[in-house]
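# Dropping the sequence and predicted coords here.
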Amino acid sequence: MKKLFGTDGIRGVAGQSPLDSTTVYAIGLALAHTLEAKGASPRVLLGMDTRESSQWIAATLTAGLVAGGASVESAGVITTPAVAFLAHTHGFATGIVISASHNPWQDNGIKLFGPDGYKLPDAVELAIEEEIFHKLANSTRAPEQVQPPAVNEADRAEYVRFLLAAAPGLSLDGKRIVIDCANGAASSVAPQLFSDLGGEVVITHASPDGRNINEACGALHPEIVAGQVISSGAAMGITFDGDADRALFADENGRVVNGDAVLLLAARDLQSRGLLTNSTVVATTMSNMGLEAALKRSGIKMLRAAVGDKYVLEQMLATGAALGGEQSGHIIFTGRSTTGDGLLTALLLLDVVHRSGKSLASLVADLKVFPQVIVNVKVREKKPFEMIPTVVAAIRDAEVELADSGRVVIRYSGTEALARVMIEAESEKLMRHHADAISAAIRTEIGI
């Protein structure tokens, strides 16, 4: 069982284990050792988001990588999917992103991509972990003076060209679009990306100061861009998270359009063009039953994967599906990208709207969602739920009463000390009752 890697890399509070300087240096050494076993002088590509800790983590990690025999190139502040794309395109042994995605600025993380542009399999992460612990056990210490690698500014421009090529002919003429960059990595790419698409593009929250990433903006707060759509009379709003691997939207009426709605819109478009392999979409256990029903009406089958875009991708590759994603806005188009890409999703959705001649609201108007609530409970430990009798009883009561008219999904966050309780039901009263009951049981037994 992995101890450092969660569902999206290694994550924690910057400066504290496992993101203290000693462990970060050991991670660099361990990764270089692992890569060197596959070939001499491995080349590594590094990118980061806008947190104030990203620079020193990048420098310390680089020191470990170089000491271990690797060479490092930096793309500077850039999105997570950009690193995946560039690593694959240029044959890097691995791509590394310093980011904690949607987490607050105090947190940070280390995400790894293989030379194929995909996130590393669990078995590889486990092997790297073992090497990290071996380095730490041998009194590895980070040097006092470290320097980040020089930034190759051409990397960002190449990524922008790749994105624009995904939607040839896209024009925003006659439209006003509001884009919220979450004061994160999208701030370095979105202004350049959208500058040549015409229309009036209003860029917001694109002034990172190291501490304002995701703060009252971005994909964690889609109501912000939705409000700006209304106040500015825009046709659409787009909002990213800190590392821009996901995107959410707002239609012209100021209604939030989440990943479920994007999957529906994209699936129907791909199906109409004969590009939806096996008429199948991969979603997750968190996707609404309303999406499943809407896809079924269009003759499209929906499969459910575990939460986490790497698990969505695994099932997509296993089944040959061309489209998959999460309600949170991670959308994967296997023909175009190896991971969730918020900017790519934004362009492709804008392209669908442009080609259809319809509004975003009208394209997803028939998606009737079941009432759904997600309660996050802070926990002091991630004890298996089946080992907590009161929680088991509360879950059983909910499942019995809801039967076929609802769903219960209880899981731990892979990146935070949280238990997530999701209840979905035709009856909002029952939904809230059981969400409160299960959350209370978890809070009593292992809550903070």
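Good, I have the coordinates.
# Could you tell me how far the residue lying closest to Ile331 once chain neighbours are set aside is located from Val13?
Nearest non-adjacent residue to Ile331, counting by CB to CB, 6 or more residues apart in numbering: Gly325, 3.8 Å away. Any C-beta I mention is one placed from the backbone N, CA and C, and that applies to glycine too. Note on Gly325: its distance to Val13, by CB to CB, to the nearest Å, is 29 Å.
# Which of the two has more residues huddled nearby?
Higher neighbour count among Gly325 and Val13: Gly325, with 29 against 16, using other CB atoms under 10 Å.
# Hmm, the more buried one is touching Leu265, no?
No - at 11.4 Å, Gly325 does not count as touching Leu265 under the criterion of CB atoms under 8 Å.
# Partner strands of the lowest-mean-pLDDT helix or strand in the chain, with direction?
Lowest on mean pLDDT, DSSP states H and E among the helices and strands of the chain sits strand 5-6, with a mean of 88. Strand 5-6 has the following strand partners under DSSP bridges: strand 9-13 (antiparallel).
# if we look at the partner strand, which residues are touching it?
Strand 9-13 is contacted by residues 4, 18-19, 27, 97, 100, 103, 106-112, 415-416 when judged by CB atoms under 8 Å, 6 or more residues apart in numbering.
# Mind doing that once more with 6 Å?
With CB atoms under 6 Å, 6 or more residues apart in numbering as the test, strand 9-13 has contacts from Leu4, Pro18, Leu19, Ala100, Gln106, Asp107, Gly109, Ile110, Lys111, Thr415.
# Can you select the buried ones from those residues in ChimeraX?
The buried subset of those, as determined by 16 or more other CB atoms under 10 Å, is captured in ChimeraX by this line:
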select :4,18,19,100,107,109,110,111,415
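# Among the contacts of strand 9-13, which ones are in strands?
Secondary structure assignment by DSSP state E places Asp107, Gly109, Ile110, Lys111 of those in strands.
# Closest to Ile57 out of those residues?
Nearest to Ile57 among those: Ile110, at 7.4 Å, using CB to CB.
# and the gap between the closest one and Ala219?
21 Å.
# Then Asn288?
Using CB to CB, Asn288 is found at 17 Å from Ala219.
# Look at the two and report which has more neighbours.
Neighbour count, other CB under 10 Å: between Asn288 and Ala219, Ala219 has more, with 31 against 23.
# Verify the contact between that one and Asp241 for me.
Yes - taking contacts as CB atoms under 6 Å, Ala219 lies within contact range of Asp241: 4.1 Å.
# Now for the residue nearest to Ala226 when sequence neighbours are not counted, how many residues are close by?
Spatially, and ignoring its direct neighbours in sequence, Ala226 is nearest to Ala250 (3.8 Å; CB to CB, 6+ apart). For Ala250, the neighbour count with other CB under 10 Å is 27.
# Tell me both backbone torsions, phi and psi, for Ala250.
phi -130, psi 130 (degrees, to the nearest 10).
# Please name the bridge partners of it.
Gly237, Val256.
# ok, Pro159 - contacts?
Just so we're on the same page, residue 159 is Tyr rather than Pro. Tyr159 is in contact with Ala82, counting by CB under 6 Å, 6+ apart.
# where exactly do the helices run in the stretch 251-400 of the chain?
259-272, 289-297, 309-319, 342-356, 360-363, 389-402 (DSSP state H, counting those that start in this stretch).
# returning to what we had before: Ala166 versus the residue nearest to Ala226, what's the distance?
For Ala250, the distance to Ala166 equals 22 Å [CB to CB].
# if we can go back for a sec, let's have the helices of the stretch 251-400 of the chain in a markdown table, adding distance to Ala440, mean neighbour count and mean pLDDT.
Shown next, in a markdown table, are the helices of the stretch 251-400 of the chain (distance: least, CB to CB, whole Å; neighbours: other CB atoms under 10 Å; pLDDT from 0 to 100):
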| stretch | distance to Ala440 | mean neighbour count | mean pLDDT |
| --- | --- | --- | --- |
| helix 259-272 | 28 | 23 | 97 |
| helix 289-297 | 25 | 18 | 93 |
| helix 309-319 | 29 | 20 | 93 |
| helix 342-356 | 35 | 23 | 97 |
| helix 360-363 | 38 | 18 | 96 |
| helix 389-402 | 8 | 16 | 96 |
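# which residue ranges form the helices in the stretch 51-200 of the chain?
In the stretch 51-200 of the chain, the helices defined using DSSP H, counting those that start in this stretch lie at 54-67, 80-89, 122-137, 154-165, 190-194.
# Out of those, flag the one nearest Thr284.
Across these, closest to Thr284 is helix 122-137 (CB to CB), at 17.1 Å.
# now could you export just the CA positions of the closest one as CSV?
The C-alpha coordinates for helix 122-137 follow below in CSV (Å, rounded to 0.1, in the frame of the first residue of the first chain):
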residue,chain,number,x,y,z
ASP,A,122,0.5,2.5,-9.1
ALA,A,123,3.1,-0.2,-9.2
VAL,A,124,5.7,2.2,-10.5
GLU,A,125,4.8,4.8,-7.9
LEU,A,126,5.2,2.1,-5.2
ALA,A,127,8.7,1.2,-6.5
ILE,A,128,9.7,4.9,-6.4
GLU,A,129,8.4,5.1,-2.9
GLU,A,130,10.6,2.2,-1.8
GLU,A,131,13.6,3.9,-3.2
ILE,A,132,12.7,7.2,-1.5
PHE,A,133,12.5,5.5,1.9
HIS,A,134,15.8,3.8,1.1
LYS,A,135,17.5,7.2,0.4
LEU,A,136,16.0,8.7,3.6
ALA,A,137,17.2,5.7,5.7
